[in-house]
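# any chance you can model this:
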Amino acid sequence: MSAIISWSEGEQIHHARWRSENGISPHQKLVIADDTVSADTAYRLACEGTALLWRGDFQNARQLLQALARRLDKPSKKSKRNLKAGKQVSEKSPVDVFNLHRLARSQRARILGMLLVQCEAGHRIALRRAPDIQQACLEAYGPSDETYLVSLRELLGVISAHEWRKQGVLIPGLSVAEEIRIHPHYGVFSPIRGEYVDLVCQAPLPRALAKQSLAFDIGVGTGILSFALAKRGITKIIASDQDERALACAIENRDRLGLRGDIEVVKANLFPEGQAALIVCNPPWLPAKPSSPLEHAVYDPDSRMLKGFLGGLGEHLLPEGEGWLILSDLAEHLGLRSRQQLLDWIDQSGLTVIGRLDTKPKHQKVFDKSDALHTARAAEVTSLWRLARR
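Residues are numbered from 1 along each chain as shown. The predicted structure follows:
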């Protein structure tokens, strides 16, 4: 966090560190705003590229952010005319729809990110009715002994992540006798789509596990797949990741569940050393470039992780071992990757498909017809591909 942001206030020039987990550059234009500023004025300034440093009541700032979001989400006159004229989104190719959707989300995030707050050393906010953010920011950012500016939108995300981490996410399917809760850390993808966990719990285990009960979990994240494998009786699991937040999250969840002796968490780019009877991987499902560090769990540029997993799987499998690739076909419905490309990569890696389990997603966006990607989401299937050396 080396960038500095400067602004004029009280006839003086002030400086502070700029913090942005979304990779946003420090704002060049900044004005002071408080409870007297109207939502229309704030919206106009934000759209023009002027950030607003909030000096009023914290809860009023939250309401202003909601007002900005309502203005952004209101259909434009052009979209209303197109709808009235019968022009449908389906006239565009799936790739165009996806790219326009990402562009709209990026523009929306940019404008909502224009409302800023100042945090003092020790993660404190000197605003009326401001919450205690110390623990939430400590978890997300680590210690801070200096003043910094951050967008209110990001800060609210940090606070929300803290609550999620504290309460945990209930994961069905891992155990009938008890509730399993996973506590995701800020910046680590939360296992809110449980259908892929169900697939790991249902797939037949490879015969090689009878000789050596060892599995690798590539890209451990919160650790959810490692825990599923441990619940299925696999004696030793080595879970790898190269993201420090994911490693810390997996270790904390492992220890919370009393699985320290079953699961070893290591830092590695894809595969740990050696071979295993079972290797599982749930790579990011969409081959597109992340626009921020927080999107790396969703987007896999040029399918690098997917191709890296397939390319290295064979040499890390024990005889009669299996690799389980958990992958959605959403990219296929969006025109970002074809099924034939995936099959070619599997074949070129010296692998063969020995089975596949499919399931339909159940999350809310599947049923939201107002979502720009609804057509693709409604057709989406999540699969567990059982792969073996040819």
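
# which helix or strand lies directly C-terminal to the lowest-mean-pLDDT helix or strand in the chain?
The helix or strand of the chain with the poorest confidence is helix 77-84; it has a mean of 54 (mean pLDDT, DSSP states H and E). Using DSSP states H and E, the helix or strand that follows helix 77-84 towards the C-terminus is helix 94-112.

# which neighbouring elements make contact with that following helix?
Counting contacts by 3 or more C-beta pairs under 8 Å, 6 or more residues apart in numbering; DSSP states H and E, helix 94-112 packs against helix 39-47, helix 58-73, helix 374-379. To be clear about C-beta, it is placed using only N, CA and C from the backbone, and glycine gets the same treatment.

# figure out which of these is closest to residue 143.
Nearest to residue 143, of all those, is helix 58-73, at 22.6 Å by C-beta to C-beta.

# and that closest one, how far out from the chain's middle?
Remark: helix 58-73 is offset 24 Å from the chain centroid, using C-alpha atoms, centre = their mean, to the nearest Å.

# how long is stretch 365-374 from one end to the other?
Stretch 365-374 has its terminal residues 7 Å apart, counting by C-alpha to C-alpha, to the nearest Å.

# rounded mean pLDDT for that stretch, please.
Stretch 365-374 shows a mean pLDDT of 78 in the predicted model.

# how far off centre is that stretch?
A distance of 19 Å separates the centroid of the chain from that of stretch 365-374, by C-alpha atoms, centre = their mean.

# ok, and what's touching stretch 382-390?
By C-beta atoms under 8 Å, 6 or more residues apart in numbering, the list of residues contacting stretch 382-390 from outside reads 193, 195-196, 199-200, 203, 310, 313-314, 317, 320-329, 346, 350-361.

# how about that stretch: buried residues?
382, 383, 384, 385, 386, 387, 388, 389 (16 or more other C-beta atoms under 10 Å).

# CA atoms only for it, dumped as CSV, please.
Provided in CSV are the C-alpha atoms of stretch 382-390 (Å, rounded to 0.1, in the frame of the first residue of the first chain):
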residue,chain,number,x,y,z
THR,A,382,-21.7,-28.3,-12.9
SER,A,383,-19.7,-31.5,-13.5
LEU,A,384,-17.1,-33.6,-11.7
TRP,A,385,-14.9,-35.1,-14.4
ARG,A,386,-13.2,-38.4,-13.3
LEU,A,387,-9.9,-38.5,-15.1
ALA,A,388,-7.2,-41.1,-15.3
ARG,A,389,-3.9,-41.6,-17.1
ARG,A,390,-4.4,-43.1,-20.6
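
# who's in contact with residue 65?
112, 115, 152, 153, 156.

# just read off the phi/psi values of the second one.
Dihedral pair for residue 115: phi -90, psi 120, per degrees, to the nearest 10.

# and for it, the neighbour number?
By the measure other C-beta atoms under 10 Å, the count of residues near residue 115 is 23.

# again with the third one
Counted by other C-beta under 10 Å, the residues lying close to residue 152 total 20.

# which of the buried residues of stretch 382-390 fall in strands?
If you go by DSSP state E, the buried residues of stretch 382-390 have 382, 383, 384, 385, 386, 387, 388, 389 in strands.

# which one of those sits closest to residue 266?
residue 387 (22.4 Å).

# so which residues of the stretch 151-300 of the chain form strands?
169-171, 180-182, 214-218, 236-241, 263-267, 276-281 (DSSP state E, counting those that start in this stretch).

# tell me which of the helices and strands packed on helix 94-112 lies nearest to residue 91.
Nearest of the helices and strands packed on helix 94-112 (C-beta to C-beta): helix 374-379, 12.2 Å.

# from the contact counts, what lies against the closest one?
Checking 3+ C-beta pairs under 8 Å, 6+ apart, helix 374-379 ends up next to helix 94-112, helix 330-333.

# can you list the domains in this structure?
Using automatic domain parsing, the domain parsing of the chain gives 4-164, 168-389.

# now residue 244. Nearest residue, chain neighbours left out?
residue 267 (7.9 Å; C-beta to C-beta, 6 or more residues apart in numbering).

# show me the shaky parts of the stretch 151-300 of the chain.
172-179 (pLDDT under 70).

# scratch that, the stretch 1-150 of the chain is what I was asking about
In the stretch 1-150 of the chain, residues with pLDDT under 70: 1-2, 76-90.
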